[in-house]
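[1] the sequence and its predicted three-dimensional model are supplied below.
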Amino acid sequence: MVSSFRFARLPQIIFGCGKLPEIQSVITNNGPSVILLTGKKSFIESSDGELLLDALQGKKIRYKHITIPGEPSPEMIDQIVSDCSTDEFSSVIAIGGGSVIDAGKAVSAMMYKTGSVIDYLEVIGNKEHPGTKLPFIAVPTTSGTGSEATKNAVLSRVGKDGFKRSLRHDNLVPDVALVDPELTISCPPDITAASGMDCFTQLTEAFLSVKSNEYTDALAYEGLKQIKTSLRESYVDGGNIEARTGMSFAALTSGICLANAGLGAVHGFASSVGGMYNISHGLVCGTLMAVSNEVTVRKLRRASDSEVALKKYTALGKLFLGEKGKSDKYYTDGFIEYLHQMTQDLKLAGLREYGIEEKDIDIICSTTDNKNNPAKLDAVDLAEILTRRLD
């Protein structure tokens, strides 16, 4: 019997190679002025960026361009909102990686409101966001977070008392997600690897989540099929447009899945580690994915109620190994080995390189959540995962 579920709203999705020029009509339809957020360079210095700015000027659309230098903090969002609040803007557009899109989502949600965005962050704040915002258009230039399809913007403050928390409301889903795989071609190999493993993790964790349902399972499986054929290929040959298109599809799909099924232990680490250390979200996910799944499988095999989750691991093994006639154990173990091999192939660094040491492990584990993981991992399990990926 099909289980009960709820499914979050989706943005209007425009997907395909060569779709970027359609952004002009999307912006025009949302009014005469726009806040434009991009990364430090790349897009805005590209021919596509020059064409977009020329088009905005030609259509007499007033714009304010803001660069996002890295993962957004509450202070960064407050400053942008303050700088823009004396003018009247009709929409926000973010063109860049997940950090840029999260920043754009938060700015659209906070424009013309009083107070700090930190007041609305889950766990940290004490206010509920009303769900009102400026129209928001998301254009990803990497294939990773899937933020173009989610209702949350992740903000962080790095340090001893740091945090990585979401501004979240059903209405914060972007109004339009324009996904043009050609925009990801210039993404360098290290970012392709880290963002791609973030996407891989999101699809896998959503598929295995205790909150998954028939819809999210079907979508996650389609996304994982693209991971199999496209992640390693886009890392080795960034100009492979077929692989880039597969990864763009996988990232978009991962955002839809995580918004509806939740995530597991790896993203629990991404939150706790990301709040304490200056390390990219994708790298945390990528470097911890194999060991986290290995420990989860070991835990499931000792449990009495883990048949559904282990069957899903078998399905993942069949998909990624592409072999027939083997045992369930063979497929599950083979999937874990596939993940370890991917960690090596993509040259994902250990955590010590970013300043994490043995003395930090207990405090990281004390703030790491894994409530949607298919097996509940205790402090000993979590510490083992971190220890094995220090180097």
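    Arrived safely, thanks for sending. Small disclaimer: the values here were computed from a predicted structure and weren't measured. Residues are numbered from 1 along each chain as shown.

[2] please enumerate the helices of the stretch 201-350 of the chain.
    Along the stretch 201-350 of the chain, counting by DSSP state H, counting those that start in this stretch, helices occupy 214-236, 241-261, 265-276, 281-302, 307-321, 328-345.

[3] helices or strands up against the last one?
    Counting by 3 or more Cβ pairs under 8 Å, 6 or more residues apart in numbering; DSSP states H and E, the packing neighbours recorded for helix 328-345 are helix 214-236, helix 281-302, helix 307-321. For glycine as for every other residue, the C-beta is placed from the backbone atoms N, C-alpha and C.

[4] just the fourth one next, same as before
    Contact here means 3+ Cβ pairs under 8 Å, 6+ apart; on that basis helix 281-302 packs against helix 189-208, helix 265-276, helix 307-321, helix 328-345, helix 379-388.

[5] between that helix and helix 328-345, how many degrees?
    Angle, helix 281-302 to helix 328-345, by axes from the mean of the first three to the mean of the last three Cα atoms, to 10 degrees: 160 degrees.

[6] chain center to helix 281-302, what's the gap?
    Averaging C-alpha positions (Cα atoms, centre = their mean, to the nearest Å) puts helix 281-302 17 Å from its chain's average.

[7] kindly export that helix (C-alpha atoms) in PDB.
    Extracted in PDB, the C-alpha atoms of helix 281-302 (Å, rounded to 0.1, in the frame of the first residue of the first chain):
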ATOM      1  CA  HIS A 281      29.800  22.000   2.400                       C
ATOM      2  CA  GLY A 282      30.400  19.700  -0.600                       C
ATOM      3  CA  LEU A 283      33.800  18.600   0.600                       C
ATOM      4  CA  VAL A 284      32.500  17.600   4.000                       C
ATOM      5  CA  CYS A 285      29.700  15.500   2.300                       C
ATOM      6  CA  GLY A 286      32.100  14.000  -0.200                       C
ATOM      7  CA  THR A 287      34.800  13.000   2.200                       C
ATOM      8  CA  LEU A 288      32.400  11.500   4.800                       C
ATOM      9  CA  MET A 289      30.000   9.700   2.500                       C
ATOM     10  CA  ALA A 290      31.700   6.300   2.100                       C
ATOM     11  CA  VAL A 291      32.500   5.800   5.700                       C
ATOM     12  CA  SER A 292      29.200   7.100   6.900                       C
ATOM     13  CA  ASN A 293      27.300   4.600   4.700                       C
ATOM     14  CA  GLU A 294      29.700   1.800   5.700                       C
ATOM     15  CA  VAL A 295      29.000   2.400   9.400                       C
ATOM     16  CA  THR A 296      25.200   2.700   8.700                       C
ATOM     17  CA  VAL A 297      25.100  -0.600   6.900                       C
ATOM     18  CA  ARG A 298      27.000  -2.300   9.700                       C
ATOM     19  CA  LYS A 299      24.400  -0.900  12.200                       C
ATOM     20  CA  LEU A 300      21.500  -2.000  10.000                       C
ATOM     21  CA  ARG A 301      22.800  -5.600   9.800                       C
ATOM     22  CA  ARG A 302      22.700  -5.800  13.600                       C
END
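
[8] now do the buried residues in it.
    For helix 281-302, burial by neighbour count (16 or more other Cβ atoms under 10 Å) applies to 281-297, 299-300.

[9] need the helices and strands packed on helix 328-345 in JSON lines with distance to residue 8 and mean pLDDT, can you?
    What follows is the helices and strands packed on helix 328-345, written out as JSON lines (distance: least, Cβ to Cβ, whole Å; pLDDT from 0 to 100):
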{"stretch": "helix 214-236", "distance to residue 8": "10", "mean pLDDT": "97"}
{"stretch": "helix 281-302", "distance to residue 8": "21", "mean pLDDT": "97"}
{"stretch": "helix 307-321", "distance to residue 8": "22", "mean pLDDT": "98"}
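
[10] let me have the ones you listed in a markdown table, adding distance to residue 109 as columns.
    Shown next, in a markdown table, are the helices and strands packed on helix 328-345 (distance: least, Cβ to Cβ, whole Å):
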| stretch | distance to residue 109 |
| --- | --- |
| helix 214-236 | 25 |
| helix 281-302 | 20 |
| helix 307-321 | 35 |
